[in-house]
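*Asks:* This is a predicted model, with the sequence first.
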Protein chains: 2
Amino acid sequence: MNFENSIFSEIFKDIAFTAEENSLIRSNFEQITLIKGETLLHSNEIVYHQYYVYDGCLRTFFIDDSGKEHTLQFAMKDWWISDYTAFFSTSKAIMNIECIQDATIYKISKESIEILYHQIPQIETFFRKKMENGFAAFQKRILSNLSQPAKERYIYFMNNYPNIEQSVKNYHIASYLGITTESLSRIRKEIAQE
Amino acid sequence: MNFENSIFSEIFKDIAFTAEENSLIRSNFEQITLIKGETLLHSNEIVYHQYYVYDGCLRTFFIDDSGKEHTLQFAMKDWWISDYTAFFSTSKAIMNIECIQDATIYKISKESIEILYHQIPQIETFFRKKMENGFAAFQKRILSNLSQPAKERYIYFMNNYPNIEQSVKNYHIASYLGITTESLSRIRKEIAQE
DNA sequence: CGGTCTCTTGACGGAGTTCAAAGCTAGTGG
DNA sequence: CCACTAGCTTTGAACTCCGTCAAGAGACCG
């Protein structure tokens, strides 16, 4: 259990907990292991949890009316993932979460997190800041989608997620960038020829 | 000053404050009035404040390398606005904020808000939830940009911001949707003919 | 009214899509 | 350990949506 404590101090780095706080936190998280291809969350399920990625890689994606997949987010080590729109309002997911590289994750329910907010105010501050960063990142992504052609977005993406190729297929990246696999392939060819 | 108190209970609805809390809040906000066309924030300025829109309408926009404007957000009554990426890290704005309809706003600095978080924990909860909602809204917008053609995005926008036409020019809406004024005009024509 | 700002319309061009097929690659079983 | 298959990527040709450029028509404000 010292081992487990060390995990939670990794998750909430920069916060020092008392022994009781540590055990309170521990009792509100649950470990899950997933293998490549498994689905963590299906659309239309009610979303009660958010997930901390300790290791591995997952992606959130949305399936539109015509059946096309759109990747909203990849989550690697030390990222949080969920269908947050649904999680915040405890309503039905519109997205799916899929494991794309064997993963160890820790899940926590909305109820549990409210308990932690109440008992350990630094946890609320921690998540407020997480949200702020996520908010800022989405803002950048919207601007990038509005102002840059696909090639620039791809280069920007590869710089921001170095080493991601190991976990992620090109068609995942294409669906994240909002283009088809074919277009991405042509862009990659163009870049390789430079 | 009863008048002023009522403004802050509008801003932080659902929170009940003591008299001392009320005066602490009051002393950390500052009122500004803006007329149409005025700029509240220029890119490259360091961002120390965020702003509550009491009345009127503003927009945040980004100017790309080729000089094109991209609208990230409109802010109407009861919305908060800033260049949040820069505000959270107290760094230089990459966006501009412009008044597009005469406005009364209340500004608060990052320092002040940290004081309020510390003195009045419900305020931190309030902003955490605001962030969660903003985060979810951006998520939806990204999905909409990825999965819907311009016409659908326009219809969705008009449903979500009813009555916005009064404040906002079509070229603002176009720059929000990521299309040109000409394209928006053709889309509007198409819809009118249905 | 006159001028400037905003919106519309048309002709053309380009970035990205669609559909179809072929070429790789990696994992599986014989 | 090779062969086969299924999944992934590449390529080509035709098409489509939206952008660009240019000009004209409204609309709003002094």
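*Replies:* That came in fine, so what should we check first?

*Asks:* Write down the beta-bridge partners of the closest residue in space to residue A:44 that isn't next to it in sequence, one by one.
*Replies:* Closest residue to residue A:44 apart from its sequence neighbours, by CB to CB, 6 or more residues apart in numbering or on different chains: residue A:92 at 5.4 Å. Yep, even glycine has a C-beta here, placed from its N, CA and C like the rest. In this entry, residue A:92 is beta-bridged to residue A:46, by DSSP bridges.

*Asks:* What is the neighbour count of residue A:92?
*Replies:* 13 (other CB atoms under 10 Å in any protein chain shown).

*Asks:* try residue A:135
*Replies:* With other CB under 10 Å as criterion, residue A:135 counts 22.

*Asks:* Run the contact check for the longest helix belonging to chain A versus chain B.
*Replies:* Using DSSP state H, we find that the single longest helix of chain A is helix A:121-147. Yes - shown here: helix A:121-147 in contact with chain B (CB under 8 Å from any CB of the partner chain) through A:121, A:124-125, A:127-128, A:131-136, A:138-143, A:145-147.

*Asks:* Now the buried members of those.
*Replies:* Neighbour-count burial (16 or more other CB atoms under 10 Å in any protein chain shown) applied to the residues of helix A:121-147 next to chain B gives A:124-125, A:127-128, A:131-132, A:134-136, A:138-139, A:141-143, A:145-147.

*Asks:* Now the nearest residue to residue A:39 once chain neighbours are set aside: which helix or strand?
*Replies:* Sequence neighbours aside, residue A:98 is the residue nearest to residue A:39 in space, at 5.4 Å (criterion: CB to CB, 6+ apart). Using DSSP states H and E, the element containing residue A:98 is strand A:95-109.

*Asks:* Now do the closest residue in space to residue A:179 that isn't next to it in sequence against residue A:191, distance only.
*Replies:* Closest residue to residue A:179 apart from its sequence neighbours, by CB to CB, 6+ apart: residue A:150 at 4.9 Å. Distance of residue A:150 to residue A:191, computed by CB to CB, to the nearest Å: 11 Å.

*Asks:* Also residue A:19?
*Replies:* Taken as CB to CB, the span from residue A:19 to residue A:191 is 53 Å.

*Asks:* residues from chain A in reach of chain B?
*Replies:* So chain A meets chain B at A:62, A:64, A:68, A:70, A:72, A:84-85, A:88, A:117, A:121, A:124-125, A:127-128, A:131-136, A:138-143, A:145-148, A:175, A:178 (CB under 8 Å from any CB).

*Asks:* residue contacts, the nearest residue to residue A:125 once chain neighbours are set aside?
*Replies:* Spatially, and ignoring its direct neighbours in sequence, residue A:125 is nearest to residue B:124 (6.7 Å; CB to CB, 6+ apart). Going by CB atoms under 8 Å, 6 or more residues apart in numbering or on different chains, residue B:124 touches A:121, A:124-125, A:128, B:116-117.

*Asks:* do the same with residue A:100
*Replies:* Residue A:100 neighbours (CB under 8 Å, 6+ apart): A:36-37, A:57-59, A:74, A:167-169, A:172.

*Asks:* Who are the contact partners of the nearest residue to it once chain neighbours are set aside?
*Replies:* Of all residues not flanking residue A:100 in the chain, residue A:57 sits nearest, at 5.2 Å (CB to CB, 6+ apart). Neighbour list for residue A:57: A:74-76, A:99-101, A:103, A:167-168 [criterion: CB under 8 Å, 6+ apart].

*Asks:* what would these look like in JSON lines with pLDDT and distance to DNA strand D?
*Replies:* Formatted as JSON lines, those follow (pLDDT from 0 to 100; distance: CB to the nearest atom of the strand, whole Å):
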{"residue": "A:74", "pLDDT": "95", "distance to DNA strand D": "14"}
{"residue": "A:75", "pLDDT": "94", "distance to DNA strand D": "18"}
{"residue": "A:76", "pLDDT": "92", "distance to DNA strand D": "18"}
{"residue": "A:99", "pLDDT": "95", "distance to DNA strand D": "13"}
{"residue": "A:100", "pLDDT": "93", "distance to DNA strand D": "9"}
{"residue": "A:101", "pLDDT": "91", "distance to DNA strand D": "12"}
{"residue": "A:103", "pLDDT": "93", "distance to DNA strand D": "17"}
{"residue": "A:167", "pLDDT": "78", "distance to DNA strand D": "11"}
{"residue": "A:168", "pLDDT": "92", "distance to DNA strand D": "8"}
